[in-house]
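Peer 1: next come a sequence and a model predicted from it.
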Amino acid sequence: MDIRKGTRDDLKKIMDIVKQTVNIMESEGNDQWNRTYPQDHDFLADVEAGNLYTAIYDGKVAGSITVDQTQAKEYINASWRKGEPCFVFHRLAVDPEIRGEGIASKLIIFAEEHAISKGILYMRTDTYSLNKKAQSLFEKNGYVNTGTIYMDRDNPFYCYDKLLD
């Protein structure tokens, strides 16, 4: 598997992955992602900012991750273990047809290596409290649940961080 900068040409497949993921989330009673978020313009903005990275597996787009220093405004109310600077990853998506190949973990490791290459030894992310799969993935990769915040859903989001030193 390779990970490279995402391009506009990747967006159709990424949106196909998102649509499949939304269907799975809906079937599990998880409304973190839905028919209105994320949209292609979210990923296009990531491409244009140079912050979208695409996993290529067997020659095809298999997933993506956005890695930047942009934090949701609600992060100011979170109980982080360390102050800034930090990198954040968002919109982690993997093709449901090839889940179980370790692609999500490899994308997270890539995000961490990217932060380290920029001299930042601290990562943050969040996930919806109903998204048990993401919680398990983050914890498996050494992230610590530091508390909750409320965003645009009825249920809280869990904040996760990792010290990279």
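Peer 2: All right, it came through fine.

Peer 1: and whatever helix or strand Leu92 lives in, how far out from the chain middle?
Peer 2: Assessed by DSSP states H and E, Leu92 sits inside strand 87-94. Averaged C-alpha coordinates place strand 87-94 at 2 Å from its chain's average position (Cα atoms, centre = their mean, to the nearest Å).

Peer 1: same deal with stretch 117-127?
Peer 2: Centroid displacement of stretch 117-127 relative to its chain, using Cα atoms, centre = their mean, is 12 Å.

Peer 1: in it, what counts as buried?
Peer 2: Using 16 or more other Cβ atoms under 10 Å as the test for burial, stretch 117-127 gives 120-127. Where C-beta positions appear, they are placed from N, C-alpha and C, glycine not excepted.

Peer 1: could you dump the strand holding Leu92 to CSV, C-alpha only?
Peer 2: Provided in CSV are the C-alpha atoms of strand 87-94 (Å, rounded to 0.1, in the frame of the first residue of the first chain):
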residue,chain,number,x,y,z
PHE,A,87,-1.7,18.2,14.2
VAL,A,88,-5.2,16.9,13.8
PHE,A,89,-6.6,14.2,11.6
HIS,A,90,-10.1,14.3,10.2
ARG,A,91,-12.4,12.5,7.7
LEU,A,92,-10.6,9.1,7.9
ALA,A,93,-12.3,6.8,5.4
VAL,A,94,-11.6,3.3,4.2
